[in-house]
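Asker: Structure for this input, please:
(2 chains)
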Amino acid sequence: MSRFPDLVIGTALAVTLTGGAFAQDSPAAGMVLALGRAALPEEVAAWDIDVRPDGLGLPEGQGNVEDGEVLFSDTCAACHGEFGEGVDRWPVLAGGVGTLADEDPTKTLGSYWPYLSTSFDYIRRAMPFGNAQSLTSDDIYAITAYVLNMNDLVDDDFVLSKDSFLTVEMPNADGFFVDDRDEVELPEFTQAPCMESCKDVVPEITRHASVLDVTPETPDDGAEAPPPMQ
Amino acid sequence: MTDSPDGRAAPRDAGRRRFLTKSLATGGALATATLVPARAISQAAPDPLITEVQPWAAYLGDGVDAYPYGMPIEFESDVIRRNVPWLTAETASSINFTPLHQLDGIITPNGVCFERHHAGSIELAKQDYRLMINGLVDQPLVFSYSDLERFPRENRVYFLECAANTGMEWAGPQLNGAQFTHGMIHNVLYTGVMLKDLLAEAGVKTEGKWLLAEGADASAMTRSIPMEKAMDDCMVAFKMNGEALRKEQGYPARLVVPGWEGNMWVKWLRRLEVGDQPWEQREETSKYTDTLEDGRSRKWTWVMDAKSVITSPSPQVPIRHGKGPLVISGVAWSGRGTVAEVHVTTDGGVNWNQARLSGPSLDKSMHRFYYEIDWDGQPMLLQSRAVDSTGYTQPTKDALRKFRGLNSIYHNNGIQTWAINADGEAENVEIS
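Answerer: Take a look at the predicted model:
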């Protein structure tokens, strides 16, 4: 608190020096206002449930494929299908290996996800849809083991735990690279644009959206407007 | 001020003046001293809206307080967000679209800012709000909502564009309407506090290079953000366009990550964790990554490239007035800075014209452009092209596909074409 007056003086000085510039750095830049309170260890433990690729954040516990199959059938299959094939437009969880360069790739834990931790973390924080954070650590280990098994990444007798976690190899682990648009695309996209006589032939329409006819209908004039948001 | 053709005060608007001058020049023989511009419309009988006393001119309107929180007048009830039902399995994990075709200026009204939820829009009261900072910090902290209000505030206008905006158009034109092709964007004045000020309270350790932002909803949305960005221009915002964040935009507080893909702007922000490595969460591995033609995928494609779209005329707002003066209007934006120029073509990109930017030109904000023409009633192939302050020029869809292939979902900033026919109807097309 004792530093606050200094900071006000600092601001006044800055205004003088810049001639009262309209936009300037916020006066707290680099200052500590001693707001908030210390987070208790129990509070951090309750919210800090993330898991990193190196396994940091994994809880104690374990689960096997067999138990996972039962849990999956009860809590996951309604949307994802008994074999992870996906119901309606819900995500497909299994298969798709070797399809990433195809016209319509199937992206699953087995075919696309580079890290196993992402799966554990996501089930832990957000699944099952509509009843998040209701599963025990053992449940999550078991369900994750079963999803790995349906992707043929582990055997039927596999037990997933903190210790076995990093032994699982993800097929597409090397399939990602860091954004290189600046190096690859910018040289072409920062060329001075053509303004006149840019095409030799008169442009023609090659494709129409109306052919697909997937645009939602405009509501009838007589249709009631939705009620105001509560 | 008597330089206009009919001797009246000159139009204030430069574009209109240009149009009149052009009409005069092409009029040739008509350019006499007594010229009055020919009007397309004439009235045979007196207009009863003028000659008869109308109810609103005779009787009293609503008193004050009839609507303590005002909504748009009933005649504007079609200006609403719209969903595309076939896109997603259910609305709690879905997206809708800002009615760009019906808006003007640069600010998106709060009630029509597009929504993207992963587990529905939650109700989190200010008194129940907690923001935790933990991980590689000197002192893990918890802030209440009222704590946030005690930090110095900033006011900044930024666009928020979902990385999937225009994502349905990668393989070809699909949706007929600027709302559906480009409506996963809004542009809002945020009031909030700088993220770096909050982090300074906890004291980021030197090995802290990454920040994990997490939401309080049932998706507990998480994204890893590099510390340089967090310490640069990121904010924790609690007001939008002067009022509290709307529930569906993350009330009572959300993250603002200027110029970067909307998924990172975590709503209902509940936790910031400092770490020495990225977390590689679902939304930065299995989603929001860009698979190229060879099957390999780009990750961490955070910046939104420069982009523009003509919002009117467009498929949902055809030209109804026939030939003559036409205002072509649209929006442009760039995640790398301001928009320096917008070019408009009416002939499918043979010749391009400078559009007129109108309104504030702000860093990483939407810009409004106009291009006024004297439409001759002939079909047009309308396109707009943004050039940003770094010299990046919005590419054609084909130029983009050369680098990305057809299997991308995100970051489609290619030039949009509307084909206008002689009736003024517009269609989403691609051209040679």
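Asker: How confident was the prediction at the closest residue to chain A within the stretch 301-432 of chain B?
Answerer: With Cβ to the nearest Cβ, the shortest gap between the stretch 301-432 of chain B and chain A falls at residue B:348, namely 3.3 Å. To be clear about C-beta, it is placed using only N, CA and C from the backbone, and glycine gets the same treatment. pLDDT for residue B:348: 98.
Asker: now do residue B:33
Answerer: 55.
Asker: Test my guess that the residue of the stretch 301-432 of chain B closest to chain A contacts residue B:381.
Answerer: Yes - taking Cβ atoms under 8 Å as the definition, residue B:348 is a contact partner of residue B:381 at 3.3 Å.
Asker: Residue B:405 - nearest residue in space that isn't next to it in sequence?
Answerer: Nearest residue to residue B:405, sequence neighbours excluded (Cβ to Cβ, 6 or more residues apart in numbering or on different chains): residue B:293, at 3.2 Å.
Asker: residues near the one you found, how many?
Answerer: Neighbourhood size, residue B:293 [other Cβ atoms under 10 Å in any protein chain shown]: 14.
Asker: wait, isn't it in contact with residue B:170?
Answerer: No - taking contacts as Cβ under 8 Å, residue B:293 lies outside contact range of residue B:170: 11.7 Å.
Asker: Report the set of residues contacting both of these two.
Answerer: B:404, B:406, B:407 (Cβ atoms under 8 Å, 6 or more residues apart in numbering or on different chains).
Asker: could you list every residue that touches residue B:317?
Answerer: B:101, B:102, B:311, B:426.
Asker: Quick check: the gap between the last one and residue B:370.
Answerer: Here the distance between residue B:426 and residue B:370 works out to 17 Å (Cβ to Cβ, to the nearest Å).
Asker: per-residue confidence for residue 225?
Answerer: This is for chain A. At residue A:225, the predicted lDDT confidence score is 42.
Asker: try again with chain B
Answerer: In the prediction, the pLDDT value recorded for residue B:225 is 98.
Asker: Give me the neighbour count for the spatially closest residue to it that is not a sequence neighbour.
Answerer: The shortest distance from residue B:225 to any residue other than its chain neighbours is 4.7 Å, reached at residue B:211 (Cβ to Cβ, 6+ apart). Using other Cβ under 10 Å, residue B:211 is surrounded by 27 other residues.
Asker: Check residue B:129 too.
Answerer: 21.
Asker: Go ahead and confirm it touches residue B:145.
Answerer: Yes - applying Cβ under 8 Å as the test, residue B:129 and residue B:145 come out as touching, 4.4 Å apart.
Asker: who touches both of the two?
Answerer: Here residue B:129 and residue B:145 have B:252, B:253 as joint contacts, going by Cβ under 8 Å, 6+ apart.
Asker: quick one: which of residue B:426 and residue B:370 has more around it?
Answerer: Using other Cβ under 10 Å as the criterion, residue B:426 and residue B:370 rank with residue B:426 on top: 26 against 19.
Asker: OK, contacts around that one?
Answerer: B:313, B:314, B:315, B:317, B:318, B:319, B:382, B:418, B:419, B:420.
Asker: And the fifth one, its phi and psi?
Answerer: In other words, residue B:318. phi -70, psi 170 (degrees, to the nearest 10).
Asker: if we can go back for a sec, could you give me the ChimeraX selection string for whichever of the contacts of residue B:426 are buried?
Answerer: In ChimeraX, a selection of the buried entries from the contacts of residue B:426 looks like this (16 or more other Cβ atoms under 10 Å in any protein chain shown):
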select /B:313,314,315,317,318,319,382,418,419,420
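Asker: farthest-separated two in the contacts of residue B:426?
Answerer: Between any two of these, the greatest separation by Cβ to Cβ is 14.5 Å, found for B:317 and B:419.
Asker: Now do the same for residue B:89: its pLDDT.
Answerer: Confidence score, pLDDT, at residue B:89: 86.
Asker: do you know how far it is from residue A:88?
Answerer: The spacing between residue B:89 and residue A:88, counted by Cβ to Cβ, is 5 Å.
Asker: before we move on, what about residue B:288?
Answerer: 23 Å.
Asker: now do residue B:137
Answerer: 43 Å.
Asker: Neighbour count for these two, which is higher?
Answerer: Using other Cβ under 10 Å as the criterion, residue B:137 and residue A:88 rank with residue B:137 on top: 19 against 9.
Asker: Show the contacting residues for the more buried one.
Answerer: Applying Cβ under 8 Å, 6+ apart, we find residue B:137 in contact with B:199, B:202, B:203, B:204, B:205, B:208, B:274.
Asker: how about residue B:191, secondary structure?
Answerer: Judged by DSSP: H, G, I helix; E, B strand; the rest coil, the three-state class of residue B:191 is strand.
Asker: What number of neighbouring residues does residue A:113 come out with?
Answerer: 24.
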